[in-house]
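1. Sequence and predicted structure below; questions after.
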Amino acid sequence: MDIKKYAASGFLIFIFYSFTGWLYEIAYETFLEHWTFMPREFFRGPICPVYGIGGIILFVIFSRLIRNKKINALLKIVIIFVGTFIIASILEYVSSYVLEFATGTWPWKGYANYAYNLGGRISLSTSIKFGVLGVIFVFLMYEKIVWVLEFLEKKGLLYKVAGVLFILFVLDFVFAVLIPTGVRLDVERTKFTL
């Protein structure tokens with residue numbers, strides 16, 4: 001077991017899902033909520049680390065299921081949807097408290113106006129969206145992600161790419177801590193409710 005290889009691969013998966021989550025958040029906020037660009041809260045770079053953490057968790061949990069050729073694709077999709085629904089709901093709920101504890105505030109009013117919400121921190125409709133995203137970005141993207149990681153390793157670029165992105169991630173984090181953006185979102189999520 002090559003720990004260095006797994007760490008580099010894991011970090012690249014984290015960055016991929018963090019970036020994909022950032023794109024999702026920006027697209028959702030821009031086109032479906034406000035029709036204006038909404039900057040993210042903490043990092044300056046195009047990442048939302050909670051998506052990276054969730055992506056890694058889902059990637060690890062479901063990798064054996066996805067590779068299992070004996071299980072029907074439809075059953076895999078159902079399992080991944082339900083699993084992502086549950087895991088993302090827990091992760092979003094817990095991360096809202098972590099963010100509130102770390103920054104002293106919870107910048108989003110959350111899902112208080114959504115039907116079927118839990119303390120305004122998670123809602124049924126968003127959990128369903130995350131379930132669908134899990135199917136798209138874990139089930140459908142798994143083999144492509146593995147192919148890219150194997151390609152980078154064969155070309156001798158795995159550690160170099162991971163190293164450069166890690167340095168950029170650390171610098172972004174340091175700048176965010178030392179020089180906060182001052183951005184405080186006061187977003188009331190009221191659209192697309194169940």
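-> Received, thanks.
2. How about residues contacting stretch 161-179?
-> For stretch 161-179, the external contacting residues (Cβ atoms under 8 Å, 6 or more residues apart in numbering) are Ala7, Ala8, Ser9, Phe11, Leu12, Ile15, Phe42, Phe43, Arg44, Gly45, Ile47, Leu152. From N, CA and C alone the C-beta is placed, and that goes for glycine too.
3. Give me the distance between the residue nearest to the first one when sequence neighbours are not counted and Leu58.
-> So that's Ala7. Excluding its sequence neighbours, the residue lying closest to Ala7 (Cβ to Cβ, 6 or more residues apart in numbering) is Ala162, at 7.8 Å. To Leu58, Ala162 is 20 Å away according to Cβ to Cβ, to the nearest Å.
4. How far off centre is the lengthiest helix in the chain?
-> With DSSP state H setting the assignment, residue counts place helix 73-103 as the longest helix in the chain. On the basis of Cα atoms, centre = their mean, to the nearest Å, helix 73-103 is displaced by 9 Å from the centre of the chain it belongs to.
5. and Ser155, how far is that from Val82?
-> No Ser there; residue 155 is Lys. Relative to Val82, Lys155 is positioned 37 Å away (Cβ to Cβ).
6. Is the residue with the largest distance to the centre of the chain in a helix, a strand, or coil?
-> For the chain, the largest distance from the centre (Cα atoms, centre = their mean) belongs to Lys70, which lies 29.0 Å off. Here Lys70 is recorded as coil under DSSP: H, G, I helix; E, B strand; the rest coil.
7. and it, what does it touch?
-> No residues are in contact with Lys70 under the rule Cβ under 8 Å, 6+ apart.
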